[in-house]
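S.K.: here you go, sequence then predicted model.
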Amino acid sequence: MSLRDWTKQSGAFRIGELSADDSVLKHLTIGTKYLECTSTGTIAIPSKQAYGTWEFDFNKSAGTTYLMFISDRQNGTYNDMVGYTFAIIITGVPNLIKSSVGSYLNLNYTAAGYVNNYNWYRYKLTRTINGSFTVYIKGGSFGNNWTLVSTTGGSGTNPVTDNTYNASNYFTLKLNSGDKIANIKIYDGVRQ
């Protein structure tokens, strides 16, 4: 991962090195570097992918984080872009959102407290050619195997199908100070 590949819209970011204290991440990842947000902001990288697999390790701070993985723009947030966002709400609730400028729809979300702040997890989002999104997690209490993110106590279904948008220009991150992301992998086609 290199900062030169990203376009910073706002905030400050740095490349960090994993330490021995990052024991959960050690068995989730092959890399040793992460991108850390040091001042709340937005950063983006070009991505034309609207179908396939998006996989990443994430350590969320106390705020709400937005990963606009299918997005028409490199700045803004889920409610002023066109596409799909994976959000992790302040209370630890993963949420899949469909957005159109000025409006949004929660496609699915989990129960409160699903993940803990300041802990590493690996997420995998898949979208098949028929528009079926599936969200997986591993790490922490979920262990080292992929687990289907449960919507029990939340809303919607996982998987969930939506075919509204089939194009993307960017993979955009709206992060809070202290958020960390590592090992971003984007695959054409669905790999399970």
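M.R.: Perfect, I can see it now.

S.K.: wait, Asn183 touches Glu55, no?
M.R.: Yes - with contact defined as Cβ atoms under 8 Å, Asn183 counts as touching Glu55 (7.4 Å). In this view, the C-beta of every residue, glycine as well, is placed from N, C-alpha and C.

S.K.: list the residues that contact both of those two?
M.R.: Arg122 (Cβ atoms under 8 Å, 6 or more residues apart in numbering).

S.K.: and the pLDDT at the residue lying closest to Arg73 once chain neighbours are set aside?
M.R.: Nearest-residue entry for Arg73: Met81, 5.2 Å, with adjacent residues in sequence omitted and distances by Cβ to Cβ, 6 or more residues apart in numbering. pLDDT recorded at Met81 is 91.

S.K.: spatially speaking, which residue is in the middle of this structure?
M.R.: By Cα atoms, centre = their mean, the chain has its centre lying nearest to Leu67, at 4.3 Å.

S.K.: ok, the longest strand along the chain: who's next to it in the sheet?
M.R.: For the chain, the longest strand by residue count, based on DSSP state E, is strand 33-46. Paired strands of strand 33-46, with direction, are strand 7-17 (antiparallel), strand 170-175 (antiparallel), strand 180-187 (antiparallel) (DSSP bridges).

S.K.: for the first one, the distance to its chain's centre please.
M.R.: This means strand 7-17. 16 Å (Cα atoms, centre = their mean, to the nearest Å).

S.K.: that one: which residues count as buried?
M.R.: In terms of neighbour count (16 or more other Cβ atoms under 10 Å), strand 7-17 has its buried residues at Gln9, Gly11, Phe13.

S.K.: before we move on, what about the last one?
M.R.: Going by neighbour count (16+ other Cβ under 10 Å), the buried part of strand 180-187 is Lys180, Ile181, Ala182, Asn183, Ile184, Ile186.

S.K.: take those residues and write them to CSV, including distance to Ser39.
M.R.: Output for those, formatted as CSV (distance: Cβ to Cβ, whole Å):
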residue, distance to Ser39
Lys180, 14
Ile181, 15
Ala182, 19
Asn183, 23
Ile184, 21
Ile186, 26
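
S.K.: if we can go back for a sec, partners of the helix or strand hosting the residue nearest to the centre of the chain in the sheet?
M.R.: Here Leu67, judged by DSSP states H and E, is contained in strand 65-71. Sheet pairing here is set by DSSP bridges, and for strand 65-71 it gives strand 83-88 (antiparallel), strand 170-175 (antiparallel).

S.K.: minimum distance to Thr38: which of those has it?
M.R.: Proximity to Thr38 (Cβ to Cβ) singles out strand 170-175 among the strands paired with strand 65-71, at 9.7 Å.

S.K.: sorry, back to before: Asn163: which of the buried residues of strand 7-17 is nearest?
M.R.: For the buried residues of strand 7-17, the closest approach to Asn163 (Cβ to Cβ) belongs to Gln9, at 28.8 Å.

S.K.: surely Ser61 and Asn119 touch.
M.R.: No - between Ser61 and Asn119 there is no contact under Cβ under 8 Å: 10.8 Å.
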